[in-house]
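**Student:** predicted coordinates and the sequence they were generated for:
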Amino acid sequence: MRITITDWIHKVLEGQIKEGDHCIDATMGKGGDTLFLCQRTGQSGKVTAFDVQKQALEMTKEKLEKHGVKAKLIQDGHEHMANYFAPGTIQCIMFNLGYLPGGDHQLVTRPKTSIEAFEAGLRLLKVGGIMSICIYSGGDSGFEERDQVLDWLEELDDRTYFVIKEDFPTKKNHPPMPVFLVKLK
């Protein structure tokens, strides 16, 4: 049996998303999380996905069509997501930091805009809603974003957000670090 970190994140989120929910994939990439969210929210739900790269939108559109599901795909930075939704309307927001797999390694998420996006996302979440952040570090993306995101997490009010940070000590070479934030009030 093989479990990837993405499989683990999806498993954690499964119980938090139901049919009819409105969810956001803040870093669309190749569309894996967008597809997952579409499958969880069903026909009555809504999924919106963001990416700055046209290539990501094209790959995601193709993936969704292949699986017979739909999402609204927006070519814009995740830090602008609050321009598209009212506060307190979103059940789940997913982030994968770093670069588009197989894409240009110079086009990566940056600490400033990622933290702006997290803050916007927290305002958009419903009470009981969840945000997942998969932090990639090492290699091309370095440790700057990871360190700044972890510092930002420590500043959150624990009466308002329940934060879980996971690591995988047996995985080598700086594996991704999943973080989950649940909005308590």
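**Tutor:** Now that the structure is in, tell me what you want to look at.
**Student:** what are the ranges of the helices in this protein?
**Tutor:** Assigned helices in the chain, in chain order: 5-14, 32-41, 54-67, 111-124, 144-154 (criterion: DSSP state H).
**Student:** give the rounded mean pLDDT of the second one.
**Tutor:** The reference is to helix 32-41. Averaged across helix 32-41, the pLDDT comes to 98.
**Student:** returning to that earlier point: which one of the helices of the chain lies closest to Glu166?
**Tutor:** When these are ranked by proximity to Glu166, the top entry is helix 5-14, at 7.9 Å, counting by C-beta to C-beta. Just so you know, the C-beta spots here come from the backbone N, C-alpha and C atoms, and that holds for glycine as well.
**Student:** report the buried residues of the closest one.
**Tutor:** Of all the residues in helix 5-14, those buried under the rule 16 or more other C-beta atoms under 10 Å are 5, 9-10, 13.
**Student:** over to stretch 19-37?
**Tutor:** Under the neighbour-count criterion of 16+ other C-beta under 10 Å, stretch 19-37 has 21-37 buried.
**Student:** in the protein, where is pLDDT below threshold?
**Tutor:** Along the chain, the model assigns pLDDT under 70 to residues 99-108, 138-142.
**Student:** pull up the pairing partners for the longest strand seen in it, direction included.
**Tutor:** The strand that spans the most residues within the chain, counting by DSSP state E, is strand 125-135. Each strand pairing with strand 125-135, determined using DSSP bridges, is listed with its direction: strand 90-96 (parallel), strand 177-183 (antiparallel).
**Student:** who's in contact with it?
**Tutor:** Residues outside strand 125-135 that contact it (C-beta atoms under 8 Å, 6 or more residues apart in numbering): 5-6, 9, 12-13, 16, 88-97, 118, 121-122, 145-146, 149-150, 176-185.
**Student:** just checking, Gly42 touches His22?
**Tutor:** No. Using C-beta atoms under 8 Å, Gly42 makes no contact with His22, being 11.8 Å away.
**Student:** need the winner for burial among the helices of the chain.
**Tutor:** helix 32-41 (a mean of 23; mean count of other C-beta atoms under 10 Å).
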